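Student: Everything below, folded, please.
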Amino acid sequence: MKIRELLSDESKWTKGVVARDKLGIALGPRNEKAVCWCLLGAAVRCYDYSPQYSEVIWKIRKALGLVKPLTSEWNDDPARTFAEVKALVEELDV
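Tutor: Coordinates of the predicted model:
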């Protein structure tokens, strides 16, 4: 599954933590109870332990102009919208 498929609508996106369950409780992105993810959490959920993980993270970092490791900082910016996150993952086809 690609990030753009996992984050198919705004209800599946979150800020402040990498993932949440249906009650809004923070948990790990690979947890089976997770129902929404930040950009980084979605990348981990979709690509961790796969050969594509490093490539996907690199593509996102390059698109965002990041020289440091990808964190949730971009996703968690108070002004960040789901539309921006969705546009990014669709543009990158990740």
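
Student: where along this structure do the strands fall?
Tutor: 19-20, 36-37 (DSSP state E).

Student: quick one: furthest residue from the center of this protein?
Tutor: Leu23 (19.2 Å; C-alpha atoms, centre = their mean).

Student: all helices for the protein, in order.
Tutor: For the chain, the helices defined by DSSP state H occupy 3-6, 39-47, 53-64, 73-76, 82-92.

Student: which one of the ones you listed is the most hemmed in?
Tutor: Ranked by mean neighbour count, the helices of the chain are led by helix 39-47 with a mean of 24 (mean count of other C-beta atoms under 10 Å). Placement of C-beta: from N, CA and C, glycine included.

Student: what's the pLDDT at Gly41?
Tutor: For Gly41, the pLDDT comes out at 97.

Student: picking that back up, now the strands of the chain as JSON lines including distance to Val44, mean neighbour count and mean pLDDT?
Tutor: Formatted as JSON lines, the strands of the chain follow (distance: least, C-beta to C-beta, whole Å; neighbours: other C-beta atoms under 10 Å; pLDDT from 0 to 100):
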{"stretch": "strand 19-20", "distance to Val44": "9", "mean neighbour count": "23", "mean pLDDT": "98"}
{"stretch": "strand 36-37", "distance to Val44": "8", "mean neighbour count": "23", "mean pLDDT": "98"}
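
Student: can you list these in TSV and add distance to Val56?
Tutor: Shown next, in TSV, are the strands of the chain (distance: least, C-beta to C-beta, whole Å):
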stretch	distance to Val56
strand 19-20	17
strand 36-37	14
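
Student: Show me the residue at the heart of the protein, geometrically.
Tutor: Leu39 (1.7 Å).

Student: Find the nearest non-adjacent residue to it, please.
Tutor: Excluding the flanking residues, the one nearest Leu39 by C-beta to C-beta, 6 or more residues apart in numbering is Asn75, at 4.3 Å.
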